[in-house]
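In: Sequence plus predicted model, see below.
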Amino acid sequence: MEGGLTMAYGAINPMGATQYMGAGGMGGGGAGGMGAGGVSALPPPAMKEEEIMQFIVENVNNVLSRSYSLVDFDALQGPRLLQVIADVFTTLSAQLLINFDEMPFDQSVQQLTDFLLKTLGYKPPPLVAGNFQQSIANAETTVVYPMMYWLLKNMAMHRKRVYLARFLQRVEIPEDLRMQDEGVRDLYQHYDGLRNDFISTHKRVDALKEAHADPAEARRKIGVLEQERDRLNTLISLAQKKLSQVPNKDCVDGVMQDPPRKLSQVPNKDALMASCKTLRAEQEEASKLAERRVEQQQALISAERRGTEMSNRLQNVRRDMHDGRVDSIVRRLRDEIQTNKMKLQEQIPKELNEKRAENAALTKLLSEPLDFQSLHNEMAQLDKECHQLQVQVAERQRPGEDGSSVVSVKQQVQRVVKKKQDILAELGNLQADHERIQTEIREKDMTIAQFRDSKVLKGEDFRKYSNQVRGKTAATKTMKTRLADLRAEWGVLSYTEKTVQDTFEGLRIEIEDIESRMGIRGYSRTAEELSQVNAQKNNAEQAKGRTLEELSKVVQDFTISIRERRTKLAPQINELRTVRQQANEVEQEWEEKKSQYDYQEGMLMQDVSKIDTEVNQLLEETRANEALFHRLNAQVLLLDTQVMRAGEEREFASGSKKLDQQFQSYSELLTRTTEDHERRSKDLQRKRRDVEENHSLHVQQVEWFGTLRKILEGKLSSVKSQNQQNAQQQNSVDKDIQSLMGNGGNRGGPGVDMLVLGNN
């Protein structure tokens, strides 16, 4: 329930804020009334009729779970429109069941207006206050729509009024009965006392709810006020010391006066205190504005970063769409879907559970009665547990036998987490580089395609290209000539090699024959192989010596390099240790600042929501006051007009002035107008009676003339078709007509033909 006790024990201003009126209750002695005050029902003047209708239809659909359109709702008239209002009332009070189809219409309208005027405290506009119930019975839209706007705009307030009506509506007992029966009088007094106790208790509960609406804001204000109190106490003590040390130079009647010893004797104390209060309020406002400025700057930076990211994504998507790379778009969408899926499955459920737990805790706190003693005991118990936990944390933070502690383990965990974050950031950078490289590849492909589609060289470019081709052609011819010479030389060398090989084979065969004859077969081959082995051995020894020299040189280089690098790395290692220690300190400081930032952010968000609520309330109050102002101006204008007319009527009655040439005063004009209207009314009544009396005869006469017209038309057509017949036949037709019309001697005299029709 919002606001205070609303109209239950007070008056509500046009914007809906409660003004407590004491224990006068609902009606202040009336017959079950809800209070003397009421609520203005007129919508804001700036709202158009279409906006009012749209507001009513939307809220009716929301409250009653229906689907009216503007046309459907505008078509509701009479009892159907009143039934919709009754259904809305039923949502406020389940005991109020009004059915216009089953109950008598007058009884239903009476219940409707009683609930509206007495229970809800609706105040009709002055112009329709006299016949308000009749206007409701007629379902006049000029009365019903403003009432429905007022009803639907303040549903929460009306629910509270209906709830309080059960306790605050007076049970009226006649005064004579209370005076005669002492038991009834005592019981009524006890009832009145309980009713007043309920009002005071409800006021106290509302005050407590408002006071504890924002605990964080209250704690912040308490802290600021305590700091201000300490500072003011210090300033007061310093001022008192200065006043006690400095003698007073003023004198009265030649006698030196003692300096003022009390703060109450300081001149302009109230002005100084008011200035201090104003200064403190301005300082608080300045601090809040500075915090909000920082918050808005951070929000701006975040929004710009998001805008840049979205712009880059949009450019990539447009480029992919232009190039027709559907696979890139699909891959990007899959990545986004995977990311959103991870958020949906992990992050959002966790945040939702936290919010639900917080909401449940707050709901439990609001639903349970406030027991300050138990809360103080619980707070003391929690302080004791916090102290014990701090002792346990201190013990756990002590280094163990192996030199490790909880802090070191946490630092290791934080380093691992930081390393993971760095790797993820590096992964993101690599992905960005990949996208950039892909973009460059696409641009290169486009450039190559442009070169591939380029035109034939012309002019100077073609001449340069021709010269290059001529130079390359000459070089090619030279190389071909050189290649032919080399081929000829290769042929000569091949022939020489073949000749030498044949000679070598002949000599080898001869040597083998000689070795066979001498009994040393294979000697030459063995000697040749031995010489080859010796040559290979010498080569291996030389390679081994070179390898050993190279290895010794490499070892020396490594040793020198290691020494140099150790010398270079020694200060860097020391610096790295210092930087690591500083990084740990910075990380711890960041964690502390982050927690402070989160706390300040929560407090600022609460301030923003509270300021938004106050702004909305002030806007509502401004609109309502403007409506009241315009309505009162219109009433003042009407009253001034009536007063002016009454003064003129008094002058007309005294004979000093005259209304016009025909009438002396307004009363004479109105009397003459009334007489004219009465005379016209009598004439119209006489005509109405004449019409009612002769209506059947006139209708019968009309039917007769219709029948006559049909007969004459038939005769006329018959005459035209028989124009060529003889005169005797024409005379017979004339006789027939005369027999139907009658002759003049019968009714109307000589020379007059009259139609005589029977009742058939």
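Out: Structure received.

In: from here on, contacts and neighbour counts on C-alpha atoms
Out: Fine.

In: Let me see the domain layout of the chain.
Out: In terms of domains, the chain is parsed into 6-214, 215-242, 522-657, 664-693, 726-760 (source: automatic domain parsing).

In: out of the ones you listed, nearest to residue 312?
Out: Nearest of those to residue 312, taken as C-alpha to C-alpha: domain 522-657 at 29.8 Å.

In: and the closest residue to residue 54 other than its chain neighbours, backbone torsions?
Out: Leaving aside its sequence neighbours, residue 54 sits nearest to residue 70 (C-alpha to C-alpha, 6 or more residues apart in numbering; 6.9 Å). With angles defined as degrees, to the nearest 10, residue 70 sits at phi -60, psi -40.

In: What's the first helix or strand after the helix or strand where residue 350 lies?
Out: Taking DSSP states H and E as the criterion, the element that holds residue 350 is helix 348-367. Helices and strands here follow DSSP H and E; after helix 348-367, the next one along the chain is helix 372-396.

In: just how off-centre is that following helix within its chain?
Out: From the chain centre to the centre of helix 372-396 is a distance of 41 Å (C-alpha atoms, centre = their mean, to the nearest Å).

In: for stretch 223-237, same thing?
Out: 42 Å.

In: do stretch 515-522 as well
Out: With C-alpha atoms, centre = their mean as the basis, stretch 515-522 stands 115 Å off its chain's centre.

In: ends of it, how far apart?
Out: 7 Å (C-alpha to C-alpha, to the nearest Å).

In: what pLDDT, on average, does it get?
Out: For stretch 515-522, mean pLDDT is 73.

In: Check which residues of that stretch are buried.
Out: Under the neighbour-count criterion of 16 or more other C-alpha atoms under 10 Å, stretch 515-522 has nothing buried.

In: start at 26 instead
Out: That works, and once the first residue is 26, the last one we named lands at stretch 540-547.

In: rewinding a little: most tightly packed of the domains of the chain?
Out: domain 31-239 (a mean of 16; mean count of other C-alpha atoms under 10 Å).

In: Show the contacting residues for the residue nearest to residue 79.
Out: 78-79, 82 (C-alpha atoms under 8 Å, 6 or more residues apart in numbering).

In: per-residue confidence at residue 611?
Out: pLDDT, read off for residue 611, is 90.

In: Check the one 3 residues further on too.
Out: Looking at residue 614, its pLDDT is 90.

In: State the distance from it to residue 447.
Out: Taken as C-alpha to C-alpha, the span from residue 614 to residue 447 is 19 Å.

In: about what we covered before: could you measure from the residue nearest to residue 79 over to residue 87?
Out: Residue 95 sits 14 Å away from residue 87 when distances are taken as C-alpha to C-alpha.

In: Got the phi and psi for residue 163?
Out: When read as degrees, to the nearest 10, the backbone of residue 163 gives phi -80, psi -10.

In: shouldn't it be in contact with residue 105?
Out: No. Residue 163 lies out of contact with residue 105 (C-alpha atoms under 8 Å); the separation is 11.3 Å.

In: Once you drop chain neighbours, what's closest to residue 688?
Out: Closest residue to residue 688 apart from its sequence neighbours, by C-alpha to C-alpha, 6+ apart: residue 694 at 5.9 Å.

In: Surely the one you found touches residue 685?
Out: No. At 9.7 Å, residue 694 does not count as touching residue 685 under the criterion of C-alpha under 8 Å.

In: so where's the stretch 376-525 of the chain uncertain?
Out: With pLDDT under 70 as the threshold, the stretch 376-525 of the chain has low-confidence stretches at 393-397, 421-435, 475-483.

In: now do 80
Out: Low-confidence segments of the stretch 376-525 of the chain (pLDDT under 80): 387, 389-401, 415, 417-454, 456-457, 460, 463-464, 467-488, 490-491.

In: other SSEs contacting the host helix or strand of residue 708?
Out: Per DSSP H and E, residue 708 falls inside helix 691-746. Judged by 3 or more C-alpha pairs under 8 Å, 6 or more residues apart in numbering; DSSP states H and E, helix 691-746 is in contact with no other helix or strand.

In: Make CSV out of the contacts of residue 95 and add pLDDT.
Out: Below are the contacts of residue 95 laid out as CSV (pLDDT from 0 to 100):
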residue, pLDDT
78, 83
79, 84
82, 87
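
In: of all these, which comes closest to residue 349?
Out: Of all the contacts of residue 95, residue 349 sits closest to residue 79, with 47.0 Å by C-alpha to C-alpha.

In: So the closest one versus residue 107, what's the distance?
Out: Noted for residue 79: a distance of 18 Å to residue 107, by C-alpha to C-alpha.

In: cool, and residue 156?
Out: The span separating residue 156 from residue 107 equals 17 Å under the rule C-alpha to C-alpha.
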